[in-house]
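Undergrad: only geometry, no sequence info:
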């Protein structure tokens, strides 16, 4: 029996009607809608109407604080890393920042756009990208340096120089980026409710890491080229890293690892053996993808690097297509059930699962109906995605 009801049996043995208690979440001022309230989609699966309840506040607050502290600490490390070059080469560093901002802006738009059904909320997405930009990168600078020194002591300088990146980055960097996805999932519980959400937020965390890493390499290229053509060095470094390896770099690896988080959140972080094995396999796959890119296998020619990048990209796309198919299947099932209960034609309900279907409905609406139709679409999709998250568990 739902905890929202308390039934007591009188002395005469009769069973009175259930008496609703005020939930702690609503008593505390939660904005979670009441079951059956306007906008909750009375026709959707019953559990969907109860899915939007306030999560436990202490974990979300703790995760938010951890994100803020991590980003601040990482930013301090990066400022120390770049401050010297900024004083000596201000124009070239400014150019590197402009190119980095352009990469970030395009990637942020693209990865939000590839989420099936509709784009995710911008705040959790920006938080994931910010973690990659600052916290994960700053911590990675320290962790990679420490582990790189350990490999030099154990393997010798020559072997550590050749294999140090492949033995260090797949573990340090992937775990640091993945930590950000986990923290975002805890801080914004409604932002990550399935594998597709995990893929997108992971891609954004990886994008942030990639942008900052590209920035550091571009600034380093100024000095490595003798500072004779600083602007050209910045542009060449950025174009090579975005154009040659960008297709299969950090975004792809962390997107795969983030999908693992999306397998755990629908079951309240308590997965069964099969789900736990799948999540572990995805994290290991992300590390293997990173290792492949950094390992000095088959040389470092352009063709070899391109082949590695294509393998990594293909692996990420296979994971994405599986997550996309699963998300659309569950949302369409929830829309069909909710539409049938509300008396909507099945075709009209299923049309809401695509951006094109929603646009076509809006085009058929009169100007006076437009706001109401948009609100109805939003409410139906809210309820359907709530139900889909429940089905994912």
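TA: Yes, it's here. From a predicted model like this one, the values you see are computed outputs, not experimental measurements.

Undergrad: going by C-alpha atoms from here, please, whenever you check contacts or count neighbours.
TA: Noted.

Undergrad: residues near residue 259, how many?
TA: 29 (other C-alpha atoms under 10 Å).

Undergrad: cool, the one 10 residues further on as well?
TA: The number of residues packed around residue 269, counting by other C-alpha under 10 Å, is 12.

Undergrad: quick one, phi/psi of it?
TA: Main-chain torsions, residue 269, degrees, to the nearest 10: phi 60, psi 20.

Undergrad: would you map the strands across this protein?
TA: 5-6, 19-20 (DSSP state E).

Undergrad: going by mean pLDDT, which of those comes out lowest?
TA: Mean pLDDT is lowest for strand 5-6 among the strands of the chain, at a mean of 36.

Undergrad: for residue 364, phi and psi?
TA: phi -80, psi -10.

Undergrad: count the residues that sit near it.
TA: 10.

Undergrad: if I look at it, how far off is residue 210?
TA: Note on residue 364: its distance to residue 210, by C-alpha to C-alpha, to the nearest Å, is 43 Å.

Undergrad: give me the domain ranges for this protein.
TA: As assigned by automatic domain parsing, the chain contains the domains 55-330, 345-393.

Undergrad: how about the contacts made by residue 252?
TA: 203, 206, 312-313, 316 (C-alpha atoms under 8 Å, 6 or more residues apart in numbering).

Undergrad: and these, which is closest to residue 143?
TA: Residue 143 has its nearest neighbour among the contacts of residue 252 in residue 206, at 17.0 Å by C-alpha to C-alpha.

Undergrad: my read: that closest one touches residue 131, true?
TA: No: applying C-alpha atoms under 8 Å as the test, residue 206 and residue 131 come out as separate, 9.1 Å apart.

Undergrad: chain neighbours aside, what residue packs nearest to residue 353?
TA: Ranked by C-alpha to C-alpha, 6 or more residues apart in numbering and with sequence neighbours excluded, the top spatial neighbour of residue 353 is residue 117, at 5.3 Å.

Undergrad: same check on residue 298?
TA: residue 304 (6.8 Å).

Undergrad: run a quick neighbour tally on that neighbour.
TA: The number of residues packed near residue 304 is 15, by other C-alpha under 10 Å.

Undergrad: what about it, distance to residue 293?
TA: Distance from residue 304 to residue 293, by C-alpha to C-alpha: 10 Å.

Undergrad: ok, residue 259 next?
TA: 20 Å.

Undergrad: go on, residue 96?
TA: Residue 96 sits 24 Å away from residue 293, going by C-alpha to C-alpha.

Undergrad: same thing with residue 328?
TA: Note on residue 328: its distance to residue 293, by C-alpha to C-alpha, is 32 Å.

Undergrad: quick one: residue 278 and residue 261 touch, right?
TA: No: using C-alpha under 8 Å as the test, residue 278 is too far from residue 261 to be in contact (10.4 Å).

Undergrad: ok, those two, which is more surrounded?
TA: The residue with more neighbours, out of residue 278 and residue 261, is residue 261; 30 against 16, by other C-alpha under 10 Å.

Undergrad: give me every residue that touches the closest residue to the more buried one other than its chain neighbours.
TA: In space, and not counting its chain neighbours, residue 261 is closest to residue 198: 5.9 Å by C-alpha to C-alpha, 6+ apart. Residue 198 makes contact with 181, 192, 255, 257-262, according to C-alpha under 8 Å, 6+ apart.

Undergrad: ditto for residue 174
TA: 253-254, 257, 286-287.

Undergrad: need those residues in TSV (columns: distance to residue 73, neighbour count and pLDDT).
TA: TSV is the format used below for the contacts of residue 174 (distance: C-alpha to C-alpha, whole Å; neighbours: other C-alpha atoms under 10 Å; pLDDT from 0 to 100):
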residue	distance to residue 73	neighbour count	pLDDT
253	24	31	98
254	21	37	98
257	24	33	98
286	25	27	98
287	25	23	98
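
Undergrad: in helices, which of these appear?
TA: 253-254, 257, 286-287 (DSSP state H).

Undergrad: ok, these vs residue 323, which is closest?
TA: Comparing the ones in helices among the contacts of residue 174 against residue 323 with C-alpha to C-alpha places residue 257 closest, at 12.5 Å.

Undergrad: surely the closest one and residue 178 touch.
TA: Yes: with contacts counted by C-alpha under 8 Å, residue 257 reaches residue 178, the gap being 6.6 Å.

Undergrad: okay, and the common contacts of the two?
TA: residue 202.

Undergrad: now do the shared contacts for residue 206 and residue 131.
TA: Counting by C-alpha under 8 Å, 6+ apart, the contacts common to residue 206 and residue 131 are residue 177.

Undergrad: residue 328 and residue 293: who's more crowded?
TA: Of the pair residue 328 and residue 293, residue 293 is the one with more neighbours under other C-alpha under 10 Å, namely 24 against 18.

Undergrad: do you know the pLDDT at that one?
TA: With respect to pLDDT, residue 293 has a value of 95.

Undergrad: where does the residue nearest to it when sequence neighbours are not counted land on pLDDT?
TA: Closest residue in space to residue 293, ignoring its immediate chain neighbours: residue 308 at 6.1 Å, by C-alpha to C-alpha, 6+ apart. Looking at residue 308, its pLDDT is 96.
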